[in-house]
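# Any chance you can model this:
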Amino acid sequence: MTALFFTTIINANQQEKKYSLRGVYGMATSNDLGEIVFGKFNPDQKDLKVYSVDGGYLLWNDLFDLPMDIYAKGGLSYYDENDHPNAYGADLYIKAFWNFDFWKNRVRFGFGEGISYTTRLLWTEENDAYNPDDSTNPDPTSKFLNYLDISLDFDLGKLVRSKTFEDLYLGVMIKHRSGVFGLFDGVHGGSNYNSFYIEKNF
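Numbers count the residues shown, from 1 in each chain. Take a look at the predicted model:
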C-alpha cells in the first residue's frame, strides 16, 4: 500500500512537468545563422520584431539515460514588420534540451527543428532574396520554410534558491527560418531573430 502511494506521488509529479509554455520577444538581425553563432548580433535597420507563444509536451525524459529531454512543440507568432504589412506565423517542431546541473543550478542548451509558415512573406526574407546582380529577378522566397530554434537558458528558481520559481527558465534564443540551401521551394535565404524568453514547465 505504501509503495502504491509513493508510486502515485511520483507519477503525479512527472505529469506536472509534462508541459511547457513560453513567451518570446525577438528582434530581426541582418546577420546569418553562422555569424550569430560566432557572436555577431547586428540588428536589422528596419527595426523588425517578433512576439510569439509556444507550448510543449515532454516526449522523453533523460533519453538513453542521458541528461537530455525531448519535447514536441508548437507556437504562434506575430511579426511586427514596422512600415511593411505585418504577418502571423505558426511553427511545429521537435526540440531537445541538454541539461547541465552544477552547484544545485540548472542550465539548458536547446536545439529544435521543424517547419514554419507565415501568412505573408517577411520583409527580412524578401530583402535576403534580393539579387544585386539582377534586381528584376530576386532569389526564390516562400511562406513555408524549415524552422530552427536554438536556445540557452537557466532555471531561475534554482539560481535564487526559491521553490516558487523552480522550473521557470529565462533564456536567449535564435529563431531561424530558411530554405535549407534550396530544399524548401528552392529558397536559399531566410531570416533570423535574436530573442529573449521566459518559459515555465508544469
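# At the geometric centre of this structure, which residue sits there?
Among the residues of the chain, the one closest to the centroid is Asp149, at 3.5 Å (CA atoms, centre = their mean).
# could you measure that one against Lys46, distance?
Between Asp149 and Lys46 the distance, using CB to CB, to the nearest Å, works out to 23 Å. All C-beta spots, glycine's among them, are computed from the backbone N, C-alpha and C.
# Next: Glu35.
Distance from Glu35 to Lys46, counting by CB to CB: 18 Å.
# Kindly report the same for Leu21.
Relative to Lys46, Leu21 is positioned 30 Å away (CB to CB).
# now the residue nearest to the centre of the chain, which residues is it bridged with?
Taking DSSP bridges as the rule, Asp149 bridges to Gly112, Lys175.
# got the contact list for it?
73, 91, 93, 95, 110-114, 173-176 (CB atoms under 8 Å, 6 or more residues apart in numbering).
# And the pLDDT for it?
Model confidence at Asp149, given as pLDDT, is 98.
# How about residues contacting the longest strand along the chain?
Using DSSP state E to define each element, the chain has its longest strand at strand 87-102. Residues from elsewhere that reach strand 87-102 (CB under 8 Å, 6+ apart): 50, 52, 54, 56, 59, 63, 66-79, 81, 106-122, 147, 149.
# likewise stretch 49-67?
Applying CB under 8 Å, 6+ apart, the contact partners of stretch 49-67 are 14, 17-28, 68-80, 89, 91, 94-96, 98-101, 175, 193, 195, 199.
# the helices in the protein, which residues?
Taking DSSP state H as the test, the helices found in the chain are 2-16, 33-37, 123-128, 156-160.
# quick one, phi psi at the nearest residue to Phe181 once chain neighbours are set aside?
Spatially, and ignoring its direct neighbours in sequence, Phe181 is nearest to His188 (6.0 Å; CB to CB, 6 or more residues apart in numbering). Backbone torsions for His188, taken as degrees, to the nearest 10, come to phi -110, psi -10.
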